[in-house]
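Participant: Coordinates for the following, if possible.
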Amino acid sequence: MTPHGLNKASSSNWKSPRAVIEQGHITLPGLCEWHAHHNPDYPMFRYADICGVKEIDYAHVWRAICRASSYIGSHTRHFEGRAPIAILANADTVTYCCTSLGIMQAGHTAFHISPRNGSAGVVDLLSRTQCRVMLVSPDIRASTLAQDVLRQIDVNLLPLPQFCDLFPPDSEKDQDEPQTSRRDDPQSPALILHSSGSTNHPKPIYWSQKRLVKFGTVSWHGEVDITGNVLGAHALPMFHAGGVAMCYTAICAGLILSVFEPSSPPTVPTSDNVFDGARSTSSDYLMTFPTFVEAWSQDADKVAHMKTMKGLMCGGAPLNQEVGDSLASQGISLITMYGCTEVGTISNFVPESPGMEWAYFRFAKWIDPVQVDQGDGTYELVVLSPQDCPLSVVNTKIGDQDAYATNDLVVRHPTKPDLWQLFGRKDDQIILSNGEKTNPTPIEHIIKEDPHVAGCIVFGQGKFQNGVLIDPAPDCHVSPGDQGSLVSYRNKIWPTIERANEFAPHHSRIFKEMILVTSPNKPLEYNAKGLPRRAPNLRQYHDEIEALYVEVERSAQTDIVAPATWDPETTRSFVDAVVEKVMQKRVPEYVDLFRHGCDSLQATWIRNTILHAIRGQSVEAAARIPMNIVFQAPTVMALTNAMLQALDSDRVHESTILDPITPDELVELAEQLSADLPDRPSQLSPPASNKDVVLITGTTGGFGCDVLEHLLRHDEVELVYAFNRPGVDVMERQRGRFVERGLDVGLLSSPKFQLVEAELDVPGFGIPTALLDEIRNRVTHIIHNAWKVDFKLGLSSFESDLQAVRNLVELSLSSRHTAPPKIVFISSVGVFSRCTMSPPIPEVPVEPSSAIESGYSASKWVAEKLLQNVSEHKGISTTIVRLGQVCGNRLGHWNEKEWFPAMIKSSLFTHSLPDVDGTASFIPSYPAARALVEMRNSTSPILHLVHPRPVSWHALITPIAEELRVPLVPYSTWLSALERSAADGFAANAEVDAMRQNPALRLLEFFRGQTVSAEKEAMGDVRLSTENAERASPELARLPRLGGDVSVSWVKAWRKSGFLPAA
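Facilitator: Predicted coordinates:
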């Protein structure tokens, strides 16, 4: 071990151990002994001290390992066989690495434990691994933690060897003859690392010798030969998998590690000393964390030096996009590193030239990754376990092969399919009660950049909106009981929250009232990475979070001053201000808020603000405001009128606040939409082909997906234009839904398929003129499936859907074919919601009074009437297909947001299921879709697409009750249990906080409204005739009655998706 100036080792004087490694028997200590003989002068470590740059070669490293082995052996002679030896230490990299390898050389298993863990976490790790010996560094943090552990568990504490013990002065260094490396079983456990403990106590992860050596060879499969290069590893602790990875890569590939000068206590990494250490040792690469890179980006001198380096490796957290783009644009090679303790390095190590794609990575070739589509543009990464060198942890199977599901979500590069970006953790994804998803990771990352924030956790699982738990920075003195202090702190960090809101999806925005500040009496727990542990901290603050939701539910946007006098003008101005504040944009007073981007969360805030203002004027008036006011009065003017009516003391019931839908209104709207239709072209001709060319709308939805597959399979269909609303990765979404539903994804590559991003309610659909002309000249059939499904909305919220029908009618009329393209419209059995006809109801038009139960059913009736009008007066052949209750896809999965799955899941909470007299005509989606395709040429104007052979409710529900081990009870008994759970839930939580485990609470009014009648089906649906439908569709005519096996398949699919707990 001698000073060396700046002469670098080169790959030419490195004798590669690849041949002995590929034999599959050598261990890491054995590799170090091999290097001591074949590469004795080759450096493993490089560091700078006051005398200059020094290197430690493999001859000295091997002697240090042997000394550590002797030290361990002297304290474990009484052990029978292999035992775990823990290291709980803040130690320099050289000492830690050699001690760990010395434990392996002594025939034991090295166990790296982070001193950042709490004592409970360390005790749990020692208990799980039956570890009874722990090497402890002399610093206060580690020694104090060790003493706390000792008070809870019997463990033998030994002092960690010091650098001077392993590398004694020259006069003493040759007294001990080096040992010979042990002949160890390559599959024996050599190392234990542990998970970060983000959600619970850290878990031990066992690594075999063979797997560790394989881990060290990851760079063999990279794009750059790193042998002879120097990598700055100053920021990497050895109790972290990243530090372990670099040490073993050095041993296997000839990488030289640049580290801090060995000392006790060790040098604490800072952004400045890490950079200076790398620069002083002439490091080619530098591995670090995003916070350091972001600090260096502000220093022109450091930026200039980074330009001279081969690469800056960054991992552990996402790097700020703006910082990364700025550095990459200046020619700095940013390399995103990604891995996990259970697998090792996952990203390619080392890529040649990431350029402006620095945030993406390719998968390392030493692993076998599988991307499991989540159906929303994200994929869970699953790594297959090789039989010859199994993964440290397996938790799933792909086919018959063991695999590890990482729980990490990745997204594909939009144009380069082999590039991927880390999206977040699957279990971190927050699902709001309205079904929207929030990825908290990037939001938290932005908030944590605020100097006044030490840590934060976004929460909102099962709620209607997100909040954030903020741990103030140490120099911010915030008293939870001092409202003035809390308001001041929220205002201080609010610009950062707003910046996070700009990045976040609309539904994920955080309002100022949803900021919860931690209490000094309940400090957050942090994991080994220095990040707040999500689950334990949210459990710790459960009561405060629940109280916050209750308080916010009662509150509103109180900074908007209510008018002194409520007249039409001041009320309209107030509503206008509320809408603008919540939606962050002006909305014209007669424009539907939901068509302008309003979501359920924003509707709640608008409603709460209105209620707060009216309550200040009159408690009685506030009581007359319906809870769904924004859905029923979805424009500024409608809300204004509703408020004025509520304030009118002559009106005493909420039903008078809103004008109900009337039959005359439906007829008038249908006539308006039917008026002034264009004439047919003057010159007409037959279609060029005898085969059908179909335009279908809404194929990324479940039923539309199934219809699309049947169309693409059909020999008589030449081409399919699939119209879907514009968005990000529409084609990827289409593929994802095919996979999710068990359909043939290969059909989407067929020349018969053309995806078109179209805005149905816009004239010309917003597509290029040439494409529109092509469609106009070729299409023979139009299947209209796309429709907003929301039973809370008023009729005015469906104006865009109705305009889409009108536009499709105009498209049909503009066709130059002799017969205009036939229109098949997917209507709903909801048009019978108030039907008075005697069952079974024939396939005929119904009166508008039948459909006025909701805006949804009313809009479907208007569309039916419009098509009846154009068929009668314009000669377009139309078929209205009234679709009933679809009950599951090819894989047995039934959409979890619908009423029946909600009932089933809620039974786990109510401990019962309802048994009802009567039948159910549920129809599986896949055969229903095939039946629809067969119906496209029917001459019948109206068809009913429900199961022609209903089955008794009892036959369907009994197998489910048996699977879930809950009793069947009368419907009234079950409903009473549901109502009791609703009362309990709403007493403890806010109105919008219906618990996810009891989802039927959100549909309580629906269940209350169901009637049991001999003339109706089991849950109040009317019985329908299918005579014409069966004549039009052989598939429907031969459809077998549903059996108990189908019910069981639903349960299995819900269990597989996690909707229901495992059996």
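Participant: which stretches of the stretch 151-300 of the chain have low pLDDT?
Facilitator: For the stretch 151-300 of the chain, the stretches flagged by pLDDT under 70 are 170-178, 181, 197-200.
Participant: That one: helices as residue ranges?
Facilitator: Remark: helices assigned in the stretch 151-300 of the chain by DSSP state H, counting those that start in this stretch are 163-166, 209-216, 241-253, 271-280, 290-296, 300-306.
Participant: Turn these into CSV, including mean neighbour count and distance to Tyr58.
Facilitator: (Glycine included, C-beta is placed from N, CA and C.) Putting those into CSV (neighbours: other C-beta atoms under 10 Å; distance: least, C-beta to C-beta, whole Å) gives the following:
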stretch, mean neighbour count, distance to Tyr58
helix 163-166, 17, 14
helix 209-216, 24, 14
helix 241-253, 24, 9
helix 271-280, 20, 22
helix 290-296, 20, 30
helix 300-306, 15, 29
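Participant: In a strand, Glu962, correct?
Facilitator: No. Counting by DSSP: H, G, I helix; E, B strand; the rest coil, Glu962 is not found in a strand; it is helix.
Participant: and the gap between it and Gly1044?
Facilitator: To Gly1044, Glu962 is 9 Å away according to C-beta to C-beta, to the nearest Å.
Participant: center of the protein - which residue?
Facilitator: Gln429 (4.4 Å; C-alpha atoms, centre = their mean).
Participant: who's in contact with Ala403?
Facilitator: Applying C-beta atoms under 8 Å, 6 or more residues apart in numbering, we find Ala403 in contact with 370, 382-385, 391, 394-397.
Participant: And Gln187, by the same measure?
Facilitator: 208-210.
Participant: hmm, try it at 10 Å
Facilitator: By C-beta atoms under 10 Å, 6 or more residues apart in numbering, the contact set of Gln187 is 208-211, 389-390.
Participant: May I see those residues arranged in JSON lines, with distance to Thr281 as well?
Facilitator: Shown next, in JSON lines, are those (distance: C-beta to C-beta, whole Å):
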{"residue": "Ser208", "distance to Thr281": "33"}
{"residue": "Gln209", "distance to Thr281": "30"}
{"residue": "Lys210", "distance to Thr281": "32"}
{"residue": "Arg211", "distance to Thr281": "30"}
{"residue": "Cys389", "distance to Thr281": "34"}
{"residue": "Pro390", "distance to Thr281": "37"}
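Participant: Would you point out the most distant pair within those residues?
Facilitator: The largest distance within these, taken as C-beta to C-beta, falls between Gln209 and Pro390 and amounts to 12.6 Å.
Participant: returning to what we had before: which one of the helices of the stretch 151-300 of the chain lies nearest to Ser16?
Facilitator: helix 241-253 (8.2 Å).
Participant: for the closest one, the distance to its chain's centre please.
Facilitator: Remark: helix 241-253 is offset 32 Å from the chain centroid, using C-alpha atoms, centre = their mean, to the nearest Å.
Participant: Then stretch 26-36?
Facilitator: Distance of stretch 26-36 from the chain centroid (C-alpha atoms, centre = their mean) equals 43 Å.
Participant: again with stretch 269-284
Facilitator: Here stretch 269-284 is found 37 Å from its chain centre; the criterion is C-alpha atoms, centre = their mean.
Participant: for stretch 1036-1054, same thing?
Facilitator: 30 Å.
Participant: what do you get for stretch 224-233?
Facilitator: A distance of 36 Å separates the centroid of the chain from that of stretch 224-233, by C-alpha atoms, centre = their mean.
Participant: now do stretch 447-455
Facilitator: 23 Å.
Participant: So for it, what gets flagged as buried?
Facilitator: For stretch 447-455, burial by neighbour count (16 or more other C-beta atoms under 10 Å) applies to 447-450, 453-455.
Participant: Specify the residue ranges that define each domain of this structure.
Facilitator: Domains of the chain are assigned by automatic domain parsing as 11-288, 368-424, 429-554, 568-659, 897-925+950-1063.
Participant: Please render these as CSV that adds distance to Arg735 to the earlier fields.
Facilitator: Putting those into CSV (distance: least, C-beta to C-beta, whole Å) gives the following:
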stretch, distance to Arg735
domain 11-288, 29
domain 368-424, 8
domain 429-554, 19
domain 568-659, 26
domain 897-925+950-1063, 18
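Participant: so what's Thr697 closest to, chain neighbours aside?
Facilitator: Spatial nearest neighbour of Thr697, excluding adjacent residues (C-beta to C-beta, 6 or more residues apart in numbering): Ala786 at 4.0 Å.
Participant: Tell me how far Ala86 lies from Val122.
Facilitator: Distance from Ala86 to Val122, by C-beta to C-beta: 8 Å.
Participant: Return every residue with contacts to both of the two.
Facilitator: Counting by C-beta under 10 Å, 6+ apart, the residues touching both Ala86 and Val122 are 113, 131, 134, 146, 149, 155.
Participant: Now do the last one against His873, distance only.
Facilitator: Put plainly, it is Val155. Val155 is 89 Å from His873, by C-beta to C-beta.
Participant: Between the two, point out the one with more neighbours.
Facilitator: Taking other C-beta atoms under 10 Å, Val155 and His873 do not tie; Val155 has more neighbours (20 against 10).
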